[in-house]
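Q: 3D, please:
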Amino acid sequence: MTSKTLLAVTLGALVLGVGCHRNTKESAKSDVERAADKTEDAAENAGDKVEEAAEEAGDKIEDATDN
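A: Numbering: from 1, shown residues only. Predicted structure coming up:
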């Protein structure tokens, strides 16, 4: 009976370990996807700011040359 109990405990630990590994892997994949989304959003925001700054600079140049 002791060997059966030990076998059951060992198999249970292995199943639990595999389940935890899978959850960790899925969690890491989810974290990478969120990081990629945040990076994309940050790049878009930076691009928008650069575009706005270029437009403002262009407007200032036009104003300066009009005078």
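
Q: which stretches in this protein count as helices?
A: 2-66 (DSSP state H).

Q: low-confidence ranges in it?
A: Residues of the chain meeting the criterion pLDDT under 70: 1, 14-23, 67.

Q: grab the most central residue of it for me.
A: The centroid of the chain falls nearest to residue 35 when counting by C-alpha atoms, centre = their mean (1.6 Å).

Q: if I look at that residue, how far off is residue 41?
A: To residue 41, residue 35 is 11 Å away according to C-beta to C-beta, to the nearest Å. All C-beta atoms are positioned from the backbone trio N, CA, C, and that covers glycine.

Q: please apply the same query to residue 28.
A: Noted for residue 28: a distance of 20 Å to residue 41, by C-beta to C-beta.

Q: residue 51 now?
A: 16 Å.

Q: and what of residue 26?
A: Separation of residue 26 from residue 41 (C-beta to C-beta): 23 Å.

Q: what of residue 59?
A: 27 Å.

Q: quick check: the residue nearest to the centre of the chain vs residue 24, distance?
A: As judged by C-beta to C-beta, residue 35 and residue 24 stand 16 Å apart.

Q: got it, and residue 32?
A: Distance, residue 32 to residue 24, using C-beta to C-beta: 13 Å.

Q: likewise residue 3?
A: Between residue 3 and residue 24 the computed distance is 31 Å (C-beta to C-beta).
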